[in-house]
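[1] Return a 3D structure for these sequence lines:
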Amino acid sequence: MTILNGYIDIQLPYAESLKGRRAILNAIKEKLKKFNLSQLDLSGEYPKEATIAIIFLAPDSVKAEQQIAKIESVLESAFPETEFEISYEMS
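    Sure thing, here's the model as predicted:
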């Protein structure tokens, strides 16, 4: 079994307030729910950037990397105006 923990760093140049950022993050977190993972918003006070921590269990490292690729694909297609950078490590 492989545990993957990572961060999704999000750039939100069009978010004007914390309320606007929260609305976008709630939509992103709703999309992530279908991947059966744990997630936590680690964002600070700056409304134009956000970070979501994720962690999930996979049978092996190949499946974990496939899951990350699916997550990235879904986020890019659902939120094309938003920049995502996913960093992760497996153990």
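[2] What score does Q67 have for pLDDT?
    For Q67, the pLDDT comes out at 97.
[3] what's around the residue nearest to it when sequence neighbours are not counted, how many residues?
    Leaving aside its sequence neighbours, Q67 sits nearest to A58 (CB to CB, 6 or more residues apart in numbering; 6.0 Å). All C-beta atoms are positioned from the backbone trio N, CA, C, and that covers glycine. Using other CB atoms under 10 Å, A58 has 18 other residues around it.
[4] and if you look at the one 10 residues further on?
    A count of nearby residues for I68, using other CB under 10 Å, gives 20.
[5] Same check on I28?
    When neighbours are counted by other CB under 10 Å, I28 registers 21.
[6] Angles on the backbone of it, please.
    With angles defined as degrees, to the nearest 10, I28 sits at phi -70, psi -50.
[7] ditto for E76
    According to degrees, to the nearest 10, E76 has phi -70, psi -40.
[8] Look at the closest residue to it other than its chain neighbours and tell me its secondary structure.
    Distances taken as CB to CB, 6+ apart put F84 closest to E76, at 6.7 Å, once the chain neighbours are dropped. At F84 the chain is in strand, as set by DSSP: H, G, I helix; E, B strand; the rest coil.
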